[in-house]
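Q: got a predicted structure here, sequence first:
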Amino acid sequence: MKLKEIYNLAIEMGKKHDPRGLEQVEKLLAKTKERYQELNEEEKSEFDTDKLFNPYSDTRVLLGDLDLEVKRILTGIDMEVGEVVLADRLSEKGQKIDLILSHHPEGKAMAALYGVMHIQEDVLHKFGVPINVAESIMSSRINEVRRGMLPHNHNRAVDAAKLLGFAFMSMHTPADNMVNDYLQTKFDQQRPETLGEVVKMLKQEPEYAEAVQYNAGPTIVIGTKDRRAGKIMVDMTGGTSGSEDAYNKLQTAGVGTLVTMHIGEKHRKEAEKNHINVIIAGHMASDSLGMNLILDKFEEQGVEVLTTSGLLRYKR
């Protein structure tokens, strides 16, 4: 596959499984194109034109010719300078790496992570929170994350890859959309009654079963295995953790259990205060599942995939 085909396939899979729905995503892209046409030439010169077809600011080709033929990918959850050097060592030992692919965003994709958090507004709305309330409670959190990204040294790994001559791409929200949709669909179809049954379902996926061996498998952090789950919401996409104010609104909307990759202590306390059960499915295992659903498509087209940095590779 050419690099641009890998990039475009990731975006299309992300859009197809986006919790906002494909129609809404296309509508947002059309609005972005309208705004672009209204910019003056100076503003256009600073505009990231990938936004015209890619709704995920945390997913970008960071280095490399888009016509590059990619035969082998080295991919992991975090691809930092160490993993770039690993790619170079593997190439020297005979396994030539054509593309370094990170799940967590690097470079300008990391700096713009906050841009995908608007997805969470629609997810909250989908579960019964009025859209005006969802947009209001997410607004301050999105600005907080944007400000928090400013001091970061975003380009360390990208600079290292540039020196060593590697193509580099980050693929974050498309993979998170995949795992979110995959698990939500399963829970909606099978409707587990208790938290214990939810955990059992998660462990049927090989990524979570392997994570158990590393003491990083699914864990109930609020509730007990015999407690009834009620309405289950999978919360695994939209960049990073949302607003602490969401739990009160979700409780009112009837959500009984959150299944998430991770949860901060302030968020956990808010969930507990609002009587919402929380299951942490596991960060690396959940990210791996989302990545694997896309990596399978790359392999089907003849690309070899090598994994590192916490990515648990299983084919479906």
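A: Okay, I see it.

Q: ok, which stretches of the stretch 1-150 of the chain are helices?
A: For the stretch 1-150 of the chain, the helices defined by DSSP state H, counting those that start in this stretch occupy 3-16, 22-37, 41-46, 81-92, 107-111, 119-126, 131-149.

Q: give me the contacts around the third one.
A: Residues lying outside helix 41-46 but in contact with it, judged by CB atoms under 8 Å, 6 or more residues apart in numbering, are Tyr36. Heads up, the C-betas are built off the backbone N, CA and C, glycines and all.

Q: disregarding flanking residues, what is the spatial nearest neighbour of Leu124?
A: The spatially closest residue to Leu124, leaving aside those adjacent along the chain, is Ala134, at 3.9 Å (CB to CB, 6 or more residues apart in numbering).

Q: what do you get for Leu295?
A: Val305 (5.2 Å).

Q: likewise Leu9?
A: Per CB to CB, 6+ apart, closest to Leu9 is Lys297, 6.1 Å.

Q: how much space between that neighbour and Ile6?
A: 9 Å (CB to CB, to the nearest Å).

Q: who's more crowded, the two?
A: Ile6 (26 against 15; other CB atoms under 10 Å).

Q: how far away is the more buried one from Tyr247?
A: 38 Å.

Q: repeat that for Ala109.
A: Counting by CB to CB, the gap from Ala109 to Tyr247 is 29 Å.

Q: settle it for me: which of those two has more neighbours?
A: Ala109 (28 against 23).

Q: what stretches of the stretch 201-316 of the chain score poorly on pLDDT?
A: Along the stretch 201-316 of the chain, no part satisfies pLDDT under 70.

Q: doesn't Ile280 make contact with Thr219?
A: Yes: using CB atoms under 8 Å, Thr219 is in contact with Ile280, at 5.0 Å.

Q: who has more neighbours out of the two?
A: Under the neighbour definition other CB under 10 Å, Thr219 and Ile280 were set side by side, and Ile280 has more, 20 against 14.

Q: who's in contact with the more buried one?
A: Counting by CB under 8 Å, 6+ apart, the residues that Ile280 touches are 218-219, 221, 260-263.

Q: tell me what it is bridged to.
A: Thr219, Thr260 (DSSP bridges).

Q: what about it, distance to Gln204?
A: 17 Å.

Q: what of Ser91?
A: Ser91 sits 37 Å away from Gln204, going by CB to CB.

Q: what do you get for Phe47?
A: 45 Å.

Q: equivalent analysis for Gly239, please.
A: Counting by CB to CB, the gap from Gly239 to Gln204 is 28 Å.

Q: comparing these two, which shows the higher neighbour count?
A: The neighbour count for Gly239 versus Gln204, taken as other CB under 10 Å, is higher for Gly239 (23 against 9).

Q: please name the residues that touch that one.
A: Gly239 touches 58, 113-117, 119-120, 145, 172-173, counting by CB under 8 Å, 6+ apart.

Q: before we move on, what about Leu39?
A: Phe47.

Q: can you list phi and psi of it for me?
A: Phi and psi for Leu39, reported as degrees, to the nearest 10, are phi -80, psi 150.

Q: now do it against Val25, distance only.
A: From Leu39 to Val25 the distance is 22 Å (CB to CB).
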